[in-house]
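Chemist: need the 3D shape of this:
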Amino acid sequence: MTARTFLVRGLLAGLIAGLAAFGVAYFVAEPHVQTAIELEEAGAAAAPADTAEETHSHDGEEAGHSHEDESTVVSRHTQRTWGLVTGSLGVGAALGGLVALVSAGVVGRLGRLTPGQSTALVAFLGFVSVAIVPFLKYPASPPAVGNTETIGSRTGLYFLYLLISVAVAVASVVLANRLWSDRGAYVAVLAGGALFLVVTVVAGQLLPTINELGDFPADTLWYFRRAAILTQATMWGVIGVALVGLTRSLHQRDLADAERRKLAASL
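Modeler: Next up, the predicted model:
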């Protein structure tokens, strides 16, 4: 069981997860994205018509600037089909490979957990720390929500909280692993979980809150965010299930090979 064999299986699990996430995103999330885009376009069309005259020349200067509709580089149809499936497969492969490499690194280092069990733990903690915790503080927002001038700051805050969540998850596992042999599984899990919960909650309270919803319909926002977290849950869930299954198969094969070698050496 090497890092290479883990990585190959992680990439395969990630591709499977990417296809599954694409299906959820296309049938569940995309209708709400389209609704948000239509709301955004309707709001732009309802803007005062005289705003287009603001760019004209003043004080007798000749207005030589013409306004042309800016066409999108990628069509909406391509975005929701080939673009979405390509992005889903790419993200799935990247996440699957990352989970596999981390799982390979912790095999045999988490108490008496088997490779399949430690892989399941890595996938679960990854989903909680990467997807759930940052989403609770800075949930995904559809088009027409948020000020375009604050995109940079909002993105920075999201990734800051993501980094904090992942770092605390690693520290919690290290703490629980050290307490496991001395205090037992109950105390170890309780201490690790408490550390993660306390630090992420305190950090979430200290980081600034973003409220740029305006008059966007609450039901559309709720459906969009529900679909977004469901897509992430599908991605992480399929990666975990597929990779655990592939890891268990690999482990059982290695155990069988070891038994055969042991039997051959005893003859």
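Chemist: for the strand or helix carrying P134, packing partners?
Modeler: When secondary structure is defined using DSSP states H and E, the element that contains P134 is helix 133-137. The helices and strands touching helix 133-137, judged by 3 or more CB pairs under 8 Å, 6 or more residues apart in numbering; DSSP states H and E, are helix 151-183, helix 185-206, helix 218-266. (C-beta placed from N, C-alpha, C; glycine too.)
Chemist: check the offset of the longest one from the chain's centre.
Modeler: This means helix 218-266. Shown here is helix 218-266, whose average C-alpha point lies 16 Å from the average C-alpha point of the whole chain (CA atoms, centre = their mean, to the nearest Å).
Chemist: lowest-pLDDT helix or strand in this structure?
Modeler: Comparing helices and strands within the chain by mean pLDDT, DSSP states H and E singles out helix 30-45 as the least confident, with a mean of 77.
Chemist: what's the angle between that one and helix 218-266?
Modeler: Orientation note: helix 30-45 sits at an angle of 140 degrees relative to helix 218-266 (axes from the mean of the first three to the mean of the last three CA atoms, to 10 degrees).
Chemist: could you dump helix 30-45 to CSV, C-alpha only?
Modeler: What follows is helix 30-45, C-alpha atoms only, in CSV (Å, rounded to 0.1, in the frame of the first residue of the first chain):
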residue,chain,number,x,y,z
GLU,A,30,-28.7,24.9,-12.0
PRO,A,31,-32.5,25.8,-12.1
HIS,A,32,-31.9,28.1,-9.1
VAL,A,33,-28.8,29.6,-10.7
GLN,A,34,-30.9,30.3,-13.8
THR,A,35,-33.6,31.9,-11.7
ALA,A,36,-31.0,34.2,-10.0
ILE,A,37,-29.6,35.2,-13.4
GLU,A,38,-33.0,36.1,-14.6
LEU,A,39,-33.6,38.2,-11.5
GLU,A,40,-30.3,39.9,-12.1
GLU,A,41,-31.1,40.7,-15.7
ALA,A,42,-34.6,41.9,-14.7
GLY,A,43,-33.1,44.3,-12.2
ALA,A,44,-30.6,45.6,-14.8
ALA,A,45,-33.4,46.1,-17.3
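Chemist: could you check that helix and say which residues are buried?
Modeler: With burial defined by 16 or more other CB atoms under 10 Å, the residues of helix 30-45 counted as buried are E30, H32, V33, T35, A36, L39.
Chemist: same check on stretch 153-167?
Modeler: Within stretch 153-167, the residues that qualify as buried are R154, L157, Y158, Y161, L162, I164, S165, V166, counting by 16+ other CB under 10 Å.
Chemist: same check, this time on stretch 163-183
Modeler: Neighbour-count burial for stretch 163-183, counted by 16+ other CB under 10 Å, picks out I164, S165, V166, V168, A169, S172, V173, L175, A176, N177, L179, W180.
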